[in-house]
Each structure stands twice: as C-alpha cells, then as structure tokens.
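Asks: after the sequence you'll find the predicted model.
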Amino acid sequence: MGQFRIELEQSALRIFHVNEPERALWQTCLDAEALQFARGDAQVTESRGFFQVDEAPPRWIANGPLLDIAATDTELSITGHLSDTDTWSLEFRAIDEVQLSIHAACSNPDMNRILVTFDRDDDADIFGFGEQFTHLNMRGRRVPVLSQEPGIGRGVQPLTWIMNTAFKAGGDWHNSNAPMPWYMSTNLQGVCLENHQYNVFDFTSEHRTQIYVHAAELRGRLFYGSTPLDLISAFTRFSGRMRALPQWVGQGAIIGMQGGTNAVKARAAALRAVDAPVAAFWLQDWVGARKTSVGWQLWWNWELDHERYPGWAQMVAELRADNVRIMTYLNPFLVNAKEKGSHRRNLFAEALEKNFLIRKDTAPYLIKNTSFSAALLDLANPDACAWIKEVIKTELIASGASGWMADFGEALPFDADLHDDIDAAEFHNAYPEEWARVNREAIQEAGLDDEVVFFMRSGYTRSARYNTLFWMGDQLTSWRQEDGIKSTVTALLSSGISGQSLNHSDIGGYTATTIPWLPFSIPGVGYTRSKELLHRWIELNAFTPVYRTHEGNQPDRHFQIDGDDATLKHFARFARIFAALSEYRQTLIEDAAEYGHPVVRHPWLHYPHDARTRGLEHQFLLGPDIMVAPVLDAGRQSVRIYLPEGTWMHLWSDEEVCCADGQWIHVSSPPGAPAVFLRGGSSVCATLPGRIDESDDRVDVRTTGHIPWCTPVPNASH
C-alpha cells in the first residue's frame, strides 16, 4: 500500500514502511484481542470548566474470526464476525508516503464504545499528548484526553484538596487546556486519533497500549519518520503547522498591565528609562474591570471602555510611533452589559436575540466562572461564527489592536443544546479548534494575517493550523512541578513534541490563592509571587518564543516587574537578551512554519541515540544550538545540566566544555546567570556573546558564583 507494507499472519497484524522494512510501526498483540466493542453510558458533570467523567466498566465483545480481506494499491479492508448477526471491520489507507489512516467499527448500531489494543516495546518512553504540565513521559500512565481547565494546584496539597472540596476546581495531573490524542515513542512509533469524542490512552501495561474511545467508531493515523523531528513533521502534515510570527513580536517584551491610559504612559516611560525593549503593551482591561471573588476580572462585553482609557486613539498612535503595539483581550463568553452600566453595544443581548448562544432547553446555558455566570457562543452555528468575526474586526482590529489573548474555549458542557442538534459531547474537543479558526479568519478577512497575533490557551489536535500562538494558561505562582514554574518547562517540551510549535507562559505565573480581604497568607494554601520567583521566571522566558508579562489575578499581592529598581533593571536586561536572540529565534519560527518543528525542543529530538537525553525533564534546547537549564527552585545558586556529545560554550564565561560522550555537570547559576550553553561551531555561538557584550549584560559567574562555574558530576551515568 504505497510506501507501507501490511502483513497478516496467524492473527498477528504488522505494519512496516519500505524505508525500514524490519521495524514494525504498529502490530497487534498475540495475547489480546485487537478490537473490542461495547455499549456504555457516561455521566459527565461540569463545574467552572472542569469535567468529571464517570462510567461503569462496559461489557466488552471481542472481534471474532476473519470473514474477508480486500486490498488495492492504497487500501486494505479486513472484516470479521462479532456475533451471529454483527460484523467488525478494520480498514487502512495510505494517505501519502508518511501517513496511514486507520478506521475501526462494527455493524451493531447500539455499540458506542471501542477499545483498540496493540503491542508496545517494554522500554519505550511515551511523549506528546499536547500540552502536559506534570509528567513528560507517559509510560506507565493512563491518560484521559479532554480539553478543560487545568486546575488550581493540580496536586499541590492541601491547596488542591481545598479547591476541589469547595469549588471542584483543584484539578488533576492530566488536566490540560490543550491536550490531544497524539503521542510518539522513543522507538519512533507515532499514533494519533482523529476522533473528537472523549478518549483515554492506557500505557499501564508493560508491553501493550490500549486506546478507549467514547464513540461507535475509531478513526486514527499512523505516522512514519526515521528521526524524531521527521516524525513530528509527518504528524503536523495532519495537525497543521503554525504560521511564522510577525517579526515585531520578537523585538522586545510584551507588557501585560491594567489601569488606564495614564498608567500605560507612566510604565512606558519607566521602561524607556532602563533601556528595556518593548514590542507591545497588552491591555486586557480595555473592556473595563470588575471586582470578583478571586480579585479583578474583566467585563466580557467586547468593546473599548472609553472611561478607563480616555484618549485611546492618541495613546495607540504615540506608542506606534515608538514601534510599540497595543494588544487586547477576548473570549467566547458574553455577560449582560446592563450589569456594567456604561456601554455602547450589549453583545450578550445581540447574540441572545440572534440565537447565537448555547442553550439548555430553550434558555441560554449560563456557565459559572468565579462569582458570576456567563453565556457561551454557539460556535457550531456558522452564523454565530460570522457574527463574532465581525465583532473582532469592528471592535478589536478597528481599535488599533495588533493582537489579543483569545482566552478560554474549553468549557462547553456535554449536555448543552447546539445548533442543528450537533452533539455537544462530540463537539466539546472541537470547540477550541473552532475558536482558533474564527480568530484566524477574522484577521485574514481584515487583510492582516501576517501582522496580527492572537494567543490561546485552549486547543486540540488541529488547533495549530489556525492558532498563531499558544500560551499555557494560569500557573500557580509557585516553584512546584504540579502547578508552577517547573510545569511550564514540561508544557513547553510536551506541546512542542505535539506540533504546538510556538508556546509560552506568563512571566511570574498568574494565580494567587490568598483570600483578598485577609491581610496575610495561610501557609500551604496561600500563594503569591515572590521577588525571587519572578526573577527566575524572567530568566527562563528570555529563551522561549515570546516574552510576555502578566500582573496576575491579584496584582497588589504579586511582586511586579517594577516592584523595585533592581527588578526592573533585571527585567530590562533579559528583555535585551531576548531581543538579541531575535534573528536566531526567527529562523526557528520559520522552520516551525515549514516543517512543524518546535522552537523549544526536548534534547532527545536532536540526540535520540543518547539514552540519557530521554529522561531530561527540566532543561531544553532553543532550536538545535542553545541548551538551557533554568533555576527552578527557591534559594538555588547552581543547577545540574546534561550536555550531549560535542563542544559547548558557557554563555556567561566563554569557557568551553568538551563532551566526548555526553556529560553531567554542576553549573554556578547566581541570579542573572542561568545555565545557558551554546553549541560549539554554531552561528549563534559566534554572534550572541558579542551582542550581549554590547549592552554590558553578561554576569561573570567565576566571581559571583558560590561554586566554581563548572564542575563534573560524580557518577555521571546517573
């Protein structure tokens, strides 16, 4: 079948590629049925964008004996008995030289669950599943795939228990805004579902994989690649590739702030005074702000609040004269503007009149957010999509915005009534893709596809073909792996492997969990952004695709980039370093658009034959040439980093480390000098140190570090 070969012998089915005729890309298990079908009934409850899926174990019916085999040059169909009256089918089709589709179903219309089982190498590690925060390697885990709120804490105790008990909002390790049913293994198996229905991937068995789908049929794809990067390129032929970011995004920081026209002008002056390059001001409160139970939130009525931002047009023009853009905020929810008072348009009333909102029976389905409820646009309705695109063009783009946060997208309840009786349970995971498509088409229709940027937290398999930029949602202002600065590194790596090539986090995190009216924090429960955490997050994000700040949900409780002179200068310095990387980073962004390769990369992608790279979790490559191990723990002055084979130059000292076979080292990493190494012989190694020297930005770790700048790690094989 094209470039693929399928063998069926003694009930074992194996798939090969002609380029590697001895390596099976996929094969069934001799000790387990490949296909099983059942009738199931799930109870799905929703609370504030969190979903609980409960279902009794179904009674499975396994595929029976073969009935028929039919083949052409590109297709293969296998059918068999399921019962005396029903049949099962398994079909394959060669889409191109690296993609093979799989379709499994049965003839019984009452069956609405399907389970596929196949072999897996015992020692294969499993990467992917879109944006994952807690675990990078899914071997030994059971992974539910459902776009939803990640949660507050996600396992940080006792915070998560309190949030789950009081609000059902604590989350779990697998909760993600932007998951997808895709993985690649370290033995280069690439598998993806096309289904949007709820699905689960089970890797708890040592030698088999099971995929469970809440659907009557399974549609998926196998991908071939001879290297990890080739496999990602093959997958992104299906998922889509992100277009290159406009170059203005990489010229400096995107400053997230609120407060009105005078506050923006004052912040711009303060940043100019410390020579901080600024690409844009992101003003999420352009629509006005409201006090809620978690702090300050926005009025979800997508028009400019002239009382909060008087002289908006003049401010936009003055900033643009300094090559600084304005960015705003949008989401698919609407609230009744009558509650706000001053307004020109009431978008909720407009959408309600046009029947553009999701419903429960005949009434709008209002979804609880924090201390208020909101209506959600019915993006299953083409007319609703066209209407919100016009809102984007007339209210956001016409106001002078060069971009916006396109927030939310993961909250569609399973029991909602949608346009044309579309099943909400199936459309739930498609909603983020539609939300991205609507935003992208709005800027295309405005003739600004190469100029405007929107960034989203929600997503699914094919979001990347529409979305211009991902962001990781709302991290806890903590050092934790479950929900904090460490989780953003995991998310960068997992999302990059999953074709979400352009991703970033809020500098400093977002979520404070203090009670606004208490003057103190409760130990173990109350989290706010510390100065040290902000400094280390500033350093980390300088080596990611986008450099954007956020004041957080409780700005007065969080330490901010202008919290003191030292912090503002620290921020400005790393903004200059970010800008100094713009030329190198733009080549990676264009590579992402052409091949689907991530900008931030897991080291294993470039060193697949070095087994030690497989287990790396908290260091990453920016492209092929810059290795970064940020400081991710409070009070740390050094890090442990693994350098693969080759010569690596330490950015802050110009000292070289020659690794004949890969080496673990300790690196002094005082504030201002995260562990960054440049691959010897690369163009960035030749140019970046000089660019940093020009602005007097480098820290000499040989004099400021508490240990020698670099020492080998004993027992380096561990």
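Replies: Cool, the structure landed.

Asks: so who does the closest residue to D420 other than its chain neighbours touch?
Replies: Ranked by CB to CB, 6 or more residues apart in numbering and with sequence neighbours excluded, the top spatial neighbour of D420 is A380, at 6.8 Å. The C-beta positions use only the backbone N, C-alpha and C, and glycine is treated the same way. If a contact means CB atoms under 8 Å, 6 or more residues apart in numbering, then A380 has 418-420, 422, 427, 434 as its contacts.

Asks: quick one, which of these are buried?
Replies: If you count burial by 16 or more other CB atoms under 10 Å, the buried members of the contacts of A380 come out as 418-419, 427, 434.

Asks: now, which of the residues you listed lie within strands?
Replies: In strands, judged by DSSP state E, none of the buried ones among the contacts of A380 are found.

Asks: same list (the residues you listed) but as JSON lines, adding pLDDT and distance to V44.
Replies: Formatted as JSON lines, those follow (pLDDT from 0 to 100; distance: CB to CB, whole Å):
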{"residue": "L418", "pLDDT": "98", "distance to V44": "15"}
{"residue": "H419", "pLDDT": "98", "distance to V44": "20"}
{"residue": "F427", "pLDDT": "98", "distance to V44": "13"}
{"residue": "E434", "pLDDT": "98", "distance to V44": "20"}
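
Asks: distance of the spatially most central residue of the chain relative to M184?
Replies: Geometric centre of the chain, nearest residue: E131, 4.0 Å, by CA atoms, centre = their mean. Plainly put, E131 is 15 Å away from M184 if you go by CB to CB, to the nearest Å.

Asks: repeat for P519
Replies: Distance of P519 to M184, given as CB to CB: 50 Å.

Asks: per-residue confidence for Q663?
Replies: pLDDT recorded at Q663 is 94.

Asks: can you tell me which residues contact it?
Replies: Q663 touches 642-643, 657, 712-713, 716, counting by CB under 8 Å, 6+ apart.

Asks: what of D661?
Replies: Counted by CB under 8 Å, 6+ apart, D661 has contacts E645.

Asks: same deal with S107?
Replies: The neighbourhood of S107, defined by CB under 8 Å, 6+ apart, consists of 82, 86-89.

Asks: now swap in A436 and tell me
Replies: A436 neighbours (CB under 8 Å, 6+ apart): 406, 409, 456, 459, 463, 466-467.

Asks: next one: the residue lying farthest from the centre of the chain relative to G64, how far apart?
Replies: Here the chain reaches farthest from its C-alpha mean at D84, the gap being 46.7 Å by CA atoms, centre = their mean. According to CB to CB, D84 stands 10 Å off from G64.

Asks: also T544?
Replies: T544 is 52 Å from G64, by CB to CB.

Asks: those two: which has the busier surroundings?
Replies: Taking neighbours as other CB atoms under 10 Å, T544 and G64 compare with T544 leading, 24 against 16.

Asks: how about the strands in the stretch 501-650 of the chain?
Replies: 600-601, 620-622, 626-629, 638-643, 646-650 (DSSP state E, counting those that start in this stretch).

Asks: how about these, which one is nearest G155?
Replies: The closest of the strands of the stretch 501-650 of the chain to G155 is strand 620-622. By CB to CB, the value is 22.5 Å.

Asks: quick one: contacts of stretch 310-327?
Replies: Contacts of stretch 310-327 (CB under 8 Å, 6+ apart): 248, 251, 254, 260-261, 264-265, 268, 278-283, 286, 304, 306, 309, 399-405, 453.

Asks: mind running it again at 6 Å?
Replies: Applying CB atoms under 6 Å, 6 or more residues apart in numbering, the contact partners of stretch 310-327 are 261, 278, 280-282, 400-404.

Asks: among those residues, which pair sits farthest apart?
Replies: T261 and G403 (19.2 Å).

Asks: who has more neighbours, those two?
Replies: More crowded of T261 and G403, by other CB under 10 Å: G403, with 28 against 16.
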